[in-house]
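Novice: please work out how this folds:
(chains A, B, C and D)
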Protein chains: 2
Amino acid sequence: MKPLPISSSDRPAAVQSTSLRQIPLLNFLSLQEQRELLRELTETHYGKGEYIFREGDPAEYFHILKEGNVKCVKSSPSGKECTLKVLMPGDLFCCEAAVFDGACHPGTAQPMGDVSVLRVSKKVYFEMLRRNPEAAIEVIRYLGNRLMEVQEKAKILALDRADQRLAALLVGMAERTGVREPQGIRLSVRLTRQDMANLIGVTTETAIRIIARFKKSKLVAGTASRLIIRDLARLKNLAST
Amino acid sequence: MKPLPISSSDRPAAVQSTSLRQIPLLNFLSLQEQRELLRELTETHYGKGEYIFREGDPAEYFHILKEGNVKCVKSSPSGKECTLKVLMPGDLFCCEAAVFDGACHPGTAQPMGDVSVLRVSKKVYFEMLRRNPEAAIEVIRYLGNRLMEVQEKAKILALDRADQRLAALLVGMAERTGVREPQGIRLSVRLTRQDMANLIGVTTETAIRIIARFKKSKLVAGTASRLIIRDLARLKNLAST
DNA sequence: TCAAAAACCTGATTTTCGTCATATTAATCC
DNA sequence: GGATTAATATGACGAAAATCAGGTTTTTGA
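Specialist: Presented below is the predicted three-dimensional model:
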């Protein structure tokens, strides 16, 4: 596909046309439609400690992650928190909440560092989908995949021990964000023991103890900002025992 | 909406046109489209102990549950099983798997008694969606809701104790399938202790012990085929503590 | 560069739940 | 309606993970 022929005066603030071509859910649109949607997109930057939206906020927009990582967090009345997913650039988020008029966000979207987010109003987006069945089908595919992902996660939470859940998490992260390095596979997402704990439904202490065991048996190395998977095969094996 | 004007010679085997109007995902179609889709639908009956499809089978059809209850089951390599959801009439199933060419079913669909299932090939269904953006948007809504449901379930599995998970399950079942009775709310779905155990990720013994405690404190009564919720408010309270 | 804040670590103790073994009751089907 | 199977029940024991209560090390930011 060729670059969009859009003059700089055509496009809003900081949304670069090049970035759009990397977003799967905006393919399947004619150039004309892409240009129109581009006009409706706004880009916002967030830093650590801020919120993109919180659980219970009214859901008025579709969000697309452009840069950085965002975690989707749900919390229970007792104050405990559970991280559903770490989003990567290109991921849609909160399409599931954007579904009904007056719906609220079922979870909080929290930047894991500096991030950049694209936003378009539900109304505009749905109108675009109505005109572009092919794009609607793409959204169906995306949601179907997300559904399968969460179902797999629910299965693991329901059936597996803590160490297997952690192994499965690391395998998944390695596959989605790993980069080859001499010592093994480095995760390009910063992930603290606490992050891991929240992702697999255990306490931070438990995650720390398990990672310590993994270190001893040369499965992983490093800490949050530089986590290395040293033996993917054995981790995979542990996850599916 | 008026009844479909279809002569009995027009329609395949046992698919009654009246049943279709109760299926949310077939609304938003013109009469013409409904009639065409009807011709492509086939109905199949299954009994207990049979499988509608199994984990790993190639996914070639969209399924719609017409009558009875079906459970979606996933199993781990070690042989343990986890029930993701009890489907009710009108539910789509395995749309999530019907998403890619050559995809396989991520779980097994198991009748919980006598059931009747409608089926349409992925190809025909997608073509229909391409012609009917409104129907595609309806599928997006459906998937969005399913996604929110599973996310909520994952949160509960990750954060709550067994008794709270069971309470949450019973509250949900009461709301989806409960019928008022003098002694309380009766679940219209047959649900054994083992079913509950598989739905909340504990062993059967644990589910039995918890239900026994619930009985003592007058929260529930009865067994599988006649399960009564006697104090919904207190169950809700327990679930969200 | 130094102080403060995160992140990481460890041990002791308790709670929760799984496992195994064995009854008892209820449902189903010739 | 009585045999057979499925479902429910209970106890004793152990393993897994939470909790609480200290630490140390690393990272961050003024």
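Novice: what's the local residue count around residue A:32?
Specialist: Applying the criterion other C-beta atoms under 10 Å in any protein chain shown, we find 8 residues in the vicinity of residue A:32. (C-beta placed from N, C-alpha, C; glycine too.)
Novice: should've said residue A:224
Specialist: Residue A:224: 14 surrounding residues under other C-beta under 10 Å.
Novice: one more: residue A:56?
Specialist: When neighbours are counted by other C-beta under 10 Å, residue A:56 comes out with 11.
Novice: am I right that it is in a strand?
Specialist: No: assessed by DSSP: H, G, I helix; E, B strand; the rest coil, residue A:56 does not belong to a strand; its assignment is coil.
Novice: contacts only, for it.
Specialist: Listed by C-beta atoms under 8 Å, 6 or more residues apart in numbering or on different chains, the contact set of residue A:56 reads A:104-105.
Novice: tell me how far it lies from residue B:117.
Specialist: Applying C-beta to C-beta, to the nearest Å, one obtains 38 Å for the distance of residue A:56 from residue B:117.
Novice: same deal with residue A:127?
Specialist: Taken as C-beta to C-beta, the spacing of residue A:127 relative to residue B:117 amounts to 35 Å.
Novice: between these two, which is the more surrounded one?
Specialist: Taking other C-beta under 10 Å, residue A:127 and residue B:117 do not tie; residue B:117 has more neighbours (23 against 13).
Novice: in contact with the more buried one, which residues?
Specialist: Contacts here follow C-beta under 8 Å, 6+ apart; on that basis residue B:117 touches B:43-46, B:52, B:63-66, B:70.
Novice: let me have these in TSV, extended by pLDDT.
Specialist: Conversion of the contacts of residue B:117 to TSV gives the following (pLDDT from 0 to 100):
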residue	pLDDT
B:43	94
B:44	95
B:45	94
B:46	94
B:52	95
B:63	93
B:64	92
B:65	93
B:66	92
B:70	97
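Novice: which of the residues you listed come close to DNA strand D?
Specialist: Restricting the contacts of residue B:117 to those within reach of DNA strand D (C-beta under 7 Å from any atom of the strand) leaves nothing.
Novice: mind checking which of those residues are buried?
Specialist: Among the contacts of residue B:117, those classed as buried by neighbour count (16 or more other C-beta atoms under 10 Å in any protein chain shown) are B:43, B:46, B:52, B:63-66, B:70.
Novice: who are the neighbours in contact with the most centrally placed residue in chain A?
Specialist: Averaging the C-alpha coordinates of chain A gives a centre point, and the residue nearest to it by C-alpha atoms, centre = their mean is residue A:87 (1.1 Å). Contacts were defined as C-beta under 8 Å, 6+ apart; by that measure residue A:87 touches A:65, A:69-72, A:93.
Novice: could you measure from the residue lying closest to it once chain neighbours are set aside over to residue A:33?
Specialist: Nearest residue to residue A:87 in three dimensions, chain neighbours excluded: residue A:70, at 4.4 Å (C-beta to C-beta, 6 or more residues apart in numbering or on different chains). Counting by C-beta to C-beta, the gap from residue A:70 to residue A:33 is 26 Å.
Novice: then residue A:196?
Specialist: 41 Å.
Novice: compute the number of surrounding residues for residue A:132.
Specialist: Other residues near residue A:132 come to 19 when the count uses other C-beta under 10 Å.
Novice: that one is in contact with residue A:33, isn't it?
Specialist: Yes: applying C-beta atoms under 8 Å, one finds residue A:132 in contact with residue A:33, separated by 6.1 Å.
Novice: which of the buried ones among the contacts of residue B:117 fall in strands?
Specialist: Where the buried ones among the contacts of residue B:117 overlap with strands, as defined by DSSP state E, the overlap consists of B:43, B:46, B:63-66, B:70.
Novice: reformat these as JSON lines; add distance to residue B:177.
Specialist: Listed next are those as JSON lines, based on distance: C-beta to C-beta, whole Å:
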{"residue": "B:43", "distance to residue B:177": "23"}
{"residue": "B:46", "distance to residue B:177": "20"}
{"residue": "B:63", "distance to residue B:177": "20"}
{"residue": "B:64", "distance to residue B:177": "18"}
{"residue": "B:65", "distance to residue B:177": "13"}
{"residue": "B:66", "distance to residue B:177": "16"}
{"residue": "B:70", "distance to residue B:177": "13"}
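Novice: of the residues you listed, closest to residue B:82?
Specialist: Taking C-beta to C-beta as the measure, residue B:82 sits nearest to residue B:70 out of these, at 15.4 Å.
Novice: hmm, that closest one is touching residue B:90, no?
Specialist: No: between residue B:70 and residue B:90 there is no contact under C-beta under 8 Å: 11.7 Å.
Novice: related to what we said a few turns ago, nearest to residue A:138 among the contacts of residue A:87?
Specialist: For the contacts of residue A:87, the minimum distance to residue A:138 (C-beta to C-beta) is 15.7 Å, reached by residue A:93.
Novice: list the residues that contact the nearest residue to the closest one once chain neighbours are set aside.
Specialist: What sits nearest to residue A:93 in space, not counting adjacent residues and going by C-beta to C-beta, 6+ apart, is residue A:63, at 4.8 Å. Residues near residue A:63 by C-beta under 8 Å, 6+ apart: A:52, A:92-94, A:109, A:117-119.
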